[in-house]
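Undergrad: Build me a structure from this.
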Amino acid sequence: MSVLIIVFQLFALLFAITIHEAAHSWAAMKKGDLTAYSMGRVSLNPLVHIDLFGTIIMPVLLVLFRMPAFGWAKPVPVNPFNLKNPRRDNLWISFAGPAANLLAAFGCLVLIVLLKSLSPDAQSFLSNIGLSPQLSVLKPLGGLVLLLFYSVLINTYLAVFNMIPVPPLDGSGVLMGLLPPEAASAYEKIRPYGFLIVIGLIYLGVLGVIIRPIQNFIIRVVFL
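TA: Below you'll find the model as predicted:
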């Protein structure tokens with residue numbers, strides 16, 4: 001894998017992580033909790049969200065070992081005592097991150113389709129990407145299309161992964177807000193084991209089963 005391709009993947013991941021955490025922070029602010037806002041987290045500046053291991057070391061290692069770029073940022077602090085309706089408000093705060101990633105993925109996909117329809121060069125680049133990607137990305141249009149493509153994939157991965165309803169992922173916050181109080185209290189008891197459950201799901205290939213049809217659809221739209 002060329003250095004340029006690695007850089008494009010890591011840049012797309014940084015963009016995805018940044019809008020994810022900024023969306024959480026913005027939603028918390030809108031629901032009355034200014035904790036993240038006071039820390040400057042309602043921002044698209046990636047520097048305020050970077051986690052040394054999750055945003056830099058882990059993604060670089062994954063890409064170098066030819067695995068999908070993936071990572072995380074510093075978690076957004078939320079004080080439930082500042083929320084008017086903690087269970088309902090936390091649902092929307094949790095959902096904001098994956099929703100922002102899906103909107104970003106959709107926007108990038110629309111841009112790719114537009115570029116394909118408006119520019120023969122973009123269509124030609126996508127048709128020949130497997131032949132000489134190192135040379136193609138040096139051209140401005142080719143580089144833009146490839147960055148958009150990785151942005152679609154990574155934002156989609158991040159959204160789907162985070163919506164798994166297992167603590168501490170965002171899907172657990174959404175589910176907690178939907179369950180009746182008694183069921184939510186029982187569900188909360190799995191939190192200490194959440195990380196192990198997530199690792200188990202990844203090991204068993206559950207995430208791949210979920211994401212593969214979405215990935216195939218994206219590839220068909222982009223390359224065909």
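Undergrad: count of residues packed around P120?
TA: Number of residues near P120 (other CB atoms under 10 Å) recorded here: 9. (C-beta placed from N, C-alpha, C; glycine too.)
Undergrad: With E182 instead?
TA: E182: 8 surrounding residues under other CB under 10 Å.
Undergrad: how much space between it and R87?
TA: Distance, E182 to R87, using CB to CB, to the nearest Å: 12 Å.
Undergrad: Also R191?
TA: Going from R191 to R87 by CB to CB gives 15 Å.
Undergrad: Could I get the pLDDT score of D51?
TA: Confidence at D51, expressed as pLDDT, is 91.
Undergrad: which stretch of helix or strand covers the residue nearest the centre of the chain?
TA: The centre of the chain sits closest to L158, judged by CA atoms, centre = their mean, with a distance of 2.8 Å. L158 belongs to helix 140-162 when assigned by DSSP states H and E.
Undergrad: For that helix, buried residues please.
TA: Judged by neighbour count using 16 or more other CB atoms under 10 Å, the buried positions of helix 140-162 are 142, 144-162.
Undergrad: And for stretch 83-103?
TA: 83, 86, 89-102.
Undergrad: and if you look at stretch 178-193?
TA: L179, Y187.
Undergrad: Between the two ends of it, what distance do you get?
TA: End-to-end distance for stretch 178-193, by CA to CA, to the nearest Å: 21 Å.
Undergrad: And stretch 26-38, by the same measure?
TA: Stretch 26-38 has an end-to-end distance of 11 Å (criterion: CA to CA).
Undergrad: Nothing else from me, thank you.
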